[in-house]
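> How does the following fold in three dimensions:
(chains A and B)
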Amino acid sequence: MTAAAAIGVLCFALFAGLHLLSPRVTRGIERGPLALKLVPAFALLIAVVAAAGAPPGVGGTITAVLWGELAFLGLVVLYMPLIYTLTHSLSVETLRLLASRPDGHVEEERLAATFTSPAFIEARLAGMAAGGYIAPAGSGYRLTRRGKAVARGFDWLKSLWLLGPGG
Amino acid sequence: MKALLLAAAMGLGTAAAMTGLLRGISGKHRFRSLAGLFGAGLASLVALHLATPDDLWMLPQDVLAAPAACDLAFAVFLYISGYWGGLLQLYNLAERGLSLRILIDMLDAEPRAMSAADIAKSYGAGHGLAWMYEKRLAGMRGLGLIERRGGDVAITPKGSRLARALGRAQAMLGPGRPEREAAEE
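Sure thing, here's the model as predicted:
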């Protein structure tokens, strides 16, 4: 079982390497859609390799595959939010913007206008469209089937956990 | 297999406790309570693993992982990744996710399509993007990362150190951050 977990860890290292390097190799590949393609491919690879090296018996094979898959997926779910925060967090971007100024401060109104501007929102919408959650419709955007499923799921979760309007 | 079963059971228990906690506790104390819940869940998992036999009185021999210490370590890893990468991420996304809130606002506006201007105005069930950004600034002020100086927002020494660390991490990631470029235009 530990060998199967090691396969999962090794595959995660390969996944993270490809995921991190992809924008350096080409600007045409977005990290989000790439991850959605890489995760199932690595999951399949792990299943095949872990099953091939599993101890004899159905129980042993199932356990080995589960250990390999869960080691991989456990690391992926810890890694992805970290990357997403670094690339998409408004708070991170605000700090970076302030730190880039020689005097370290910006007029509050100007700062707010920067991060709530149509250009900023358009950039976010373009990323969401690339991820397949929304699609252009006329002069705006509309939810895709995937976007509707995610929105409904989280809307339900927000009401279950009594969360506020968000932000 | 013992690791998987115990981590799954503890994960489900934690999710149920988290739901009860979030429904019963108001905003300010939530994060500290969630951290306490994680600590209690992890301690319970370790205690349960040590107190139960390897086969949990029912598992066949061929699904047991040897040695038991590896099984315990794997159970702890699964619980940590499930909590920090699963439950807590769901909470963060549902509570603070900008893209997610845009999706929910677009769902509420259906069948009408929404432009960037519509989103800026109606974001957060009608509160608007400016309201959201003020919340973010207030959060950063609360953490001592920024401060108000007259009509300006200024980064603190603590904020500068964090910004440098984040800058190094972003440099490692390489290109692919169009939002920052758009924001700085």
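> Touching, B:Ala116 and A:Pro118? I think so.
Yes: if you go by Cβ atoms under 8 Å, B:Ala116 and A:Pro118 touch, sitting 4.5 Å apart. C-beta here means a position set from N, CA and C on the backbone, and glycine is covered the same way.
> The two - which one has more neighbours?
B:Ala116 (21 against 14; other Cβ atoms under 10 Å in any protein chain shown).
> how's chain B carved up into domains?
B:2-96, B:98-138, B:143-185 (automatic domain parsing).
> for the ones you listed, which one sits closest to A:Leu44?
Nearest to A:Leu44 among these is domain B:2-96; the distance by Cβ to Cβ comes to 20.1 Å.
> For that closest one, measure first residue to last.
End-to-end distance for domain B:2-96: 36 Å, by Cα to Cα, to the nearest Å.
> And chain A, is it touching that?
Yes: counting by Cβ under 8 Å from any Cβ of the partner chain, chain A has neighbours in domain B:2-96: B:4, B:18-19, B:22-23, B:27, B:60, B:62-63, B:65-66, B:70-71, B:74, B:77-78, B:80-82, B:84-86, B:89-96.
> What is the burial count for B:Gly139?
Using other Cβ under 10 Å, B:Gly139 has 14 other residues around it.
> Give me the buried positions along whichever strand or helix holds it.
In this structure, B:Gly139 sits in helix B:129-142 according to DSSP states H and E. Neighbour counts over helix B:129-142 (16 or more other Cβ atoms under 10 Å in any protein chain shown) mark B:129-130, B:132-137, B:140 as buried.
> Just confirm yes or no for that helix near chain A.
Yes: contact of helix B:129-142 with chain A (Cβ under 8 Å from any Cβ) involves B:129-137, B:139-140.
> For that helix, name the packing helices and strands.
helix A:90-100, helix A:108-115, helix B:116-126, strand B:146-149 (3 or more Cβ pairs under 8 Å, 6 or more residues apart in numbering or on different chains; DSSP states H and E).
> so which of these comes closest to A:Val25?
Evaluated over those, closeness to A:Val25 peaks at helix A:90-100, with 24.2 Å, by Cβ to Cβ.
> Alpha carbons of the closest one, as PDB, please.
This file holds the C-alpha atoms of helix A:90-100, laid out as PDB (Å, rounded to 0.1, in the frame of the first residue of the first chain):
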ATOM      1  CA  LEU A  90      -7.900  40.400  -4.900                       C
ATOM      2  CA  SER A  91      -6.200  40.800  -1.500                       C
ATOM      3  CA  VAL A  92      -3.000  39.400  -2.900                       C
ATOM      4  CA  GLU A  93      -3.100  41.600  -5.900                       C
ATOM      5  CA  THR A  94      -3.900  44.700  -3.700                       C
ATOM      6  CA  LEU A  95      -0.900  44.000  -1.500                       C
ATOM      7  CA  ARG A  96       1.300  43.500  -4.600                       C
ATOM      8  CA  LEU A  97       0.100  46.700  -6.200                       C
ATOM      9  CA  LEU A  98       0.700  48.700  -3.000                       C
ATOM     10  CA  ALA A  99       4.100  47.200  -2.500                       C
ATOM     11  CA  SER A 100       5.100  48.100  -6.100                       C
END
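> is the helix ranked longest in chain A anywhere near chain B?
Secondary structure assigned by DSSP state H gives helix A:58-88 as the longest helix of chain A. Yes: against chain B, helix A:58-88 shows contacts by Cβ under 8 Å from any Cβ at A:58-60, A:62-63, A:66-67, A:70-71, A:73-78, A:80-81, A:83, A:86-88.
> Please work out the average pLDDT along that helix.
Across helix A:58-88, the average pLDDT comes to 90.
> now stretch A:39-51
Average pLDDT, stretch A:39-51: 92.
> Any chance you could list what contacts it?
Residues outside stretch A:39-51 that contact it (Cβ atoms under 8 Å, 6 or more residues apart in numbering or on different chains): A:4, A:7-8, A:11-12, A:14-15, A:61, A:64-65, A:67-69, A:72-73, A:76.
> Buried ones among those residues?
Buried members of the contacts of stretch A:39-51, counted by 16+ other Cβ under 10 Å: A:4, A:7-8, A:11-12, A:15, A:61, A:64-65, A:67-69, A:72-73, A:76.
> which of those lies closest to A:Gly138?
A:Gly138 lies nearest to A:Val76 out of the buried ones among the contacts of stretch A:39-51, by Cβ to Cβ, at 36.7 Å.
> now the helices for chain B?
Under DSSP H, chain B gives helices at B:2-24, B:30-51, B:68-80, B:88-96, B:98-109, B:116-126, B:129-142, B:157-173, B:178-184.
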